[in-house]
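# Just a sequence and a predicted model for now, questions to come.
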Amino acid sequence: MWKIGIVDDDRAVLQGIRKAIPWDELNAEWAGEALNGEEGLEMIASASPDIVITDLYMPVMNGLDMIEHLRKNAGYSGKVIILSGYSDFEYARQALRLDVSDYLSKPVSLPTLKSVLNQAISDLEEREELRIKQDELLQKLHLYEPFVEKEWVKSAAAGTLMQSGLQSEIPEPYRYWSDFDHTVIGIELIYDQRAAKLSLPDWSLLRFAISNMACEITQAAFPCFDHTDLHTNRSVIIIHHDRTESAERVRQRLEQLGVRLIDCVRNFLKLKIRIGIGERKRSIREIGISTEEAFRAIDVNSRPAVPEYDLYFYNAQEPGDAEAKSPVRPIKLYLELAGAIRTSQEHQAQTIIREYMKRLEQEGSISKPYVSMLAGELWGIIAFAFYETGTVVDDFFPNDGITREMAKLQRPSELAEWLITKIGLVFGSREWGGNGKHRQAVDFMIEYIHEHYAEDLTLGGLADKVYISRNYLSMIFKNMTGETFNNYLTRVRVEKARELLMEKNALVYEVAEKVGYKNVPYFSTVFKKFTGMNPTELVK
């Protein structure tokens, strides 16, 4: 409820205004009264009224001095309405300077008083709604900040900082990078028989386990580093090392770290990984080049750094024929393709595939085994990207059928059309359009909202319950219901509040609490926005 305080040296006026104000209709309550400006300051400090109605000519401290003290010294931001028996231009001018809402002359009519208070409360409601929106936005910014920082690291590793517009603004936690040299360690999980049998959820957990293990092991060798996943079976560690450290010493430490990573993943997770190490770079914008070099070292894999270990350092002097047989699998391509799938940009995904395969086709030396290998890798990336949006491609295509089809592909152009056809089938399916599992997820959300509307519900919380990413769940919910999650939740709460108010068994603030609103003025604002009337109109 909005609180109103009154300051006037005439007790009759105090009593008259107090009786004249339609408290219930305004969803307001009496906060207190005072006989002069000095007492008014005390009353306002203790009761914190949202609106103050005050006289000007009073003993001890007049109204203008009181208002000036409130604005300049007490930080009072509420509404002030002057009610005076004198019409003085100079006082009115000073009142405007002190941000007074209205200047009324005694005696004031009840309709005028009601109209002025209505306007003041309407302004307060708008301000409160704006404040809540700003708080929500600030909270979202805090929530998204780690995500933005994580994406910045991934962009640095992939060499897409300039494309993403992030190069000019280095997040605070990563500004120390500028004082170090950087070397990228590329980690590739090998698709052996055990890995091939893993489901997508198990594969996701496995990536998480490898990430934790890699970070723990690297921390002991290089205190300054960052880890990020790139796509289904590849991740990188960006090592930041002292610029004065010799190249020989850095290589020795990196080699030891690589051996330890391979041993730990093999011994504890029973999986095999390959590790490639790019060249040392001084500039942040060159980190992406080190990433490409790390995976180039894995692809060429002609000279392991340590016998019996899949550990390779990039060597720019490798024979040219090795490069021709094994083109670089660009990290940028993989990230862009996965991003297009996750954001439902089918045309963008098609364009990315066609343009890359066209470039490979023009090289003219791409072997059939390489095409098969690339098909398996790209299909894995696509499947995992769909999985992150809640769609399991295994439900559309049997694994053995996919394997047989990939084995028949001979040229990059054939691979392009095959991938585009498969993507189109998933995007165009009824499952993707909102039936099946997605329909079940939205039905669950709707039922959950109707049962738990009084609780602090968030889209993120429900996304965790249905195992679908927050952004994608927001999209399918709106597609299937015609409105956003927040709007639907608010509408359910308002309809329930209307039912409770019409029963006339509870006060407005009690109803607000029962439907999930702790801030009663905000509840009144929302209720009026949806119904066109104040909650108090239903309890009379």
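Now that the structure is in, tell me what you want to look at.

# Name the SS class of I237, please.
At I237 the chain is in strand, as set by DSSP: H, G, I helix; E, B strand; the rest coil.

# Use 10 as the first number from now on
Shifting the count to begin at 10 puts that one at I246.

# That one: how many residues sit nearby?
27 (other CB atoms under 10 Å). C-betas here are computed from N, CA, C, even on glycine.

# do G470 as well
For G470, using other CB under 10 Å, the count is 13.

# where does it land on pLDDT?
On pLDDT, G470 comes in at 86.

# measure it to E464 for me?
Remark: distance between G470 and E464 (CB to CB, to the nearest Å) = 9 Å.

# Can you pull the phi/psi pair for W11?
Main-chain torsions, W11, degrees, to the nearest 10: phi -80, psi 140.

# show me what contacts it?
35-38, 59-60, 130, 133, 530 (CB atoms under 8 Å, 6 or more residues apart in numbering).

# Secondary structure and pLDDT for those - can I get that in TSV?
Output for the contacts of W11, formatted as TSV (DSSP: H, G, I helix; E, B strand; the rest coil; pLDDT from 0 to 100):
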residue	secondary structure	pLDDT
L35	helix	87
N36	coil	86
A37	strand	90
E38	strand	92
D59	coil	93
I60	strand	94
I130	helix	90
L133	helix	90
P530	helix	84
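
# If any of the residues you listed are buried, put those into a PyMOL selection.
A single PyMOL command selects the buried members of those (16 or more other CB atoms under 10 Å):
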select buried, resi 35+36+37+59+60+130+133+530
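
# Please identify which of the contacts of W11 is nearest to D308.
For these, the residue nearest D308 by CB to CB is P530; the value is 63.2 Å.

# For that closest one, which non-adjacent residue is spatially closest?
Leaving aside its sequence neighbours, P530 sits nearest to E137 (CB to CB, 6 or more residues apart in numbering; 5.5 Å).

# Any figure for the gap between the one you found and V535?
Applying CB to CB to E137 and V535 gives a distance of 11 Å.

# More neighbours: which of these two?
Ranked by neighbour count (other CB under 10 Å), E137 and V535 place V535 first, with 23 against 17.

# and that one, what are its phi and psi?
When quoted as degrees, to the nearest 10, the phi and psi of V535 stand at phi -60, psi -40.

# Look up which helix or strand the closest residue to it other than its chain neighbours falls in, please.
Counting by CB to CB, 6+ apart, T499 is the residue found nearest to V535 once chain neighbours are left out, at 6.2 Å. If you go by DSSP states H and E, T499 is part of helix 494-512.

# Same question for that helix: list its buried residues.
Going by neighbour count (16+ other CB under 10 Å), the buried part of helix 494-512 is 494, 497-499, 501-503, 505-507, 509-510.

# elements contacting that helix?
helix 445-461, helix 468-475, helix 479-490, helix 517-523, helix 529-540 (3 or more CB pairs under 8 Å, 6 or more residues apart in numbering; DSSP states H and E).

# Next secondary structure after the helix or strand of the chain with the lowest mean pLDDT?
When each helix and strand of the chain is scored by mean pLDDT, DSSP states H and E, helix 329-334 comes last, with a mean of 40. Next along the chain after helix 329-334, taking DSSP H and E as the criterion, comes helix 340-351.

# Next secondary structure element downstream of that following helix?
That would be, after helix 340-351 and using DSSP H and E, helix 355-372.

# and that following helix, which residues are buried?
Across helix 355-372, burial judged by 16+ other CB under 10 Å covers 355, 358-359, 361-363, 365-366, 369.

# do stretch 180-198 as well
By neighbour count with 16+ other CB under 10 Å, stretch 180-198 contains the buried residues 180, 183, 186, 189-198.

# same deal with stretch 79-91?
Going by 16+ other CB under 10 Å, stretch 79-91 has these buried residues: 79-80, 85, 87-91.

# Which one of the contacts of W11 is nearest to A166?
Once CB to CB is applied, the member of the contacts of W11 that ends up nearest A166 is P530, at 48.2 Å.

# need the contact list for the closest one.
Counting by CB under 8 Å, 6+ apart, P530 touches 10-11, 36, 133-134, 137.

# if we go to 10 Å?
Shown in contact with P530 (CB atoms under 10 Å, 6 or more residues apart in numbering): 10-11, 36-37, 59, 130, 133-134, 136-138, 141, 521.

# Which two among those are spaced furthest apart?
Farthest apart among those by CB to CB are A37 and I141. That separation is 19.5 Å.

# show me where pLDDT drops low in the stretch 260-409 of the chain?
For the stretch 260-409 of the chain, the stretches with pLDDT under 70 are 310-311, 326-340, 352, 397-399, 404, 407-409.

# Let me know whether K417 touches W427 as I believe.
Yes: counting by CB atoms under 10 Å, W427 is a contact partner of K417 at 9.0 Å.

# which neighbours do the two share?
Residues touching both K417 and W427 (CB under 10 Å, 6+ apart): A384.

# how much space between A358 and G297?
Separation of A358 from G297 (CB to CB) stands at 22 Å.

# Correction: the previous question concerned F231.
20 Å.

# Give me the more crowded residue out of the two.
A direct count of neighbours by other CB under 10 Å for F231 and G297 places G297 higher, at 23 against 19.

# Buried residues, the helix or strand harbouring the more buried one. List them.
Using DSSP H and E, G297 maps to helix 296-309. Across helix 296-309, burial judged by 16+ other CB under 10 Å covers 296-309.

# looking at this, L122 is in a strand?
No: the assignment for L122, made by three-state DSSP, is helix rather than a strand.

# per-residue confidence at it?
Looking at L122, its pLDDT is 88.

# Leaving out sequence neighbours, find the closest residue to it.
A29 (6.1 Å).

# L119 is in contact with that neighbour, correct?
Yes: using CB under 10 Å, A29 is in contact with L119, at 5.5 Å.

# Quick check: the gap between W186 and I226.
W186 sits 21 Å away from I226, going by CB to CB.

# wait, I meant A167
Distance of A167 to I226, computed by CB to CB: 23 Å.

# more neighbours, the two?
More crowded of A167 and I226, by other CB under 10 Å: A167, with 25 against 17.

# surely the more buried one meets E301?
Yes: A167 lies in contact with E301 (CB under 10 Å); the separation is 9.2 Å.

# Y462 contacts T499, correct?
Yes: Y462 is within contact range of T499, at 9.4 Å (criterion: CB under 10 Å).

# Start and end of stretch 198-213, how far apart?
In stretch 198-213, first residue to last residue: 12 Å (CA to CA, to the nearest Å).

# what is in contact with G470 and E464 at once?
Jointly contacting G470 and E464 under the rule CB under 10 Å, 6+ apart are Y457.

# In contact with A256, which residues?
Applying CB under 10 Å, 6+ apart to A256 gives the contacts 190, 288-289.

# Return the member of those residues nearest to Y321.
Distances from Y321 to the contacts of A256, taken by CB to CB, are shortest for E288, at 12.4 Å.
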